[in-house]
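**Q** A predicted structure for the sequence below; I have some questions about it.
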Amino acid sequence: MLTNAPTLETERLILRSPVTGDAEAVIAFLMDEGRAKGFGYCSTRSDAWRWFALSVGHWHIHGYGYFTVVDKATEMPVGMVGIWNPEGWPEPELGWVVFDGAEGKGIAYEAAQRALQWAYDDLGFTTMTSQIVPTNTRSIALAERMGAHHESTYDNVHMGEEMLFRHLGAKAFKAGAVA
């Protein structure tokens, strides 16, 4: 394990610390402009590797970050989900991505719900955002499915214009306000 991340589970998924073996899947995702444009597209392998290393370091600085999402049935990485808050962000955000071939299976929703529960129950957050580029309609739909609402639009120092979605607060989330 490269971080102090706990291991979390859902019915179908394991959310765990990134490991060295995850680098290839993450690099492939980051170098796919069509898939990673609204997340952190990297045009070179070395930049994608640096992003992977940055993600590991984020855990050490903040005590939270992106989990690798693993499918229990195949034991393969299928995405990333977690709390992200690098320099320049307005506040911590819940972020998610699924790798090629994992779309449309409810993986992002299942993993994001579990990560949000962890943020509220274990980290003590009382509110959470997701910051989404306006063209990422699938992530907007997921945020809304989770009960988040569009709160504002701002200029992200790395991504340009982003929409800030506010998730249900910890009390409403714990009360099961979203199925």
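**A** On my side now, so go ahead. It should be emphasised that the depicted structure is a prediction, and the values quoted were computed from it without experimental measurement. Numbering: from 1, shown residues only.

**Q** what pLDDT does Trp89 get?
**A** For Trp89, the model assigns a pLDDT of 87.

**Q** next one: it from Thr129, what distance?
**A** 9 Å (Cβ to Cβ, to the nearest Å). In short, each C-beta sits where N, CA and C put it, glycine included.

**Q** neighbour count winner among those two?
**A** Thr129 (22 against 16; other Cβ atoms under 10 Å).

**Q** tell me what that one is bridged to.
**A** Beta-bridge partners for Thr129, by DSSP bridges, are Glu93, Arg166.

**Q** what sits against it?
**A** Contact partners of Thr129, counting by Cβ atoms under 8 Å, 6 or more residues apart in numbering, are 90-94, 148, 151, 164-167.

**Q** how about 10 Å then?
**A** 89-95, 143, 148, 151-152, 162-167 (Cβ atoms under 10 Å, 6 or more residues apart in numbering).

**Q** now list whatever residues contact both of Trp89 and Thr129.
**A** With Cβ under 10 Å, 6+ apart, Trp89 and Thr129 have common neighbours Glu162.

**Q** what about the strands in the protein?
**A** 8-9, 13-16, 66-71, 77-84, 93-98, 129-132, 149-156, 160-166 (DSSP state E).

**Q** relative to strand 66-71, how tilted is the longest helix seen in the chain?
**A** Secondary structure assigned by DSSP state H gives helix 45-62 as the longest helix of the chain. Orientation of helix 45-62 against strand 66-71 (axes from the mean of the first three to the mean of the last three Cα atoms, to 10 degrees) gives an angle of 110 degrees.

**Q** buried ones in helix 45-62?
**A** 48-49, 51-52, 55-56, 58-59 (16 or more other Cβ atoms under 10 Å).

**Q** cool, and stretch 170-179?
**A** 170, 173.

**Q** how far off centre is that stretch?
**A** Centroid displacement of stretch 170-179 relative to its chain, using Cα atoms, centre = their mean, to the nearest Å, is 20 Å.

**Q** over to stretch 3-13?
**A** Worked out by Cα atoms, centre = their mean, stretch 3-13 lies 13 Å from the chain centre.

**Q** neighbouring contacts of it?
**A** Taking Cβ under 10 Å, 6+ apart as the rule, stretch 3-13 contacts 1, 14-19, 55-60, 63-73, 78-79, 81-82, 105-107, 110-111, 113-115, 117-118, 122.
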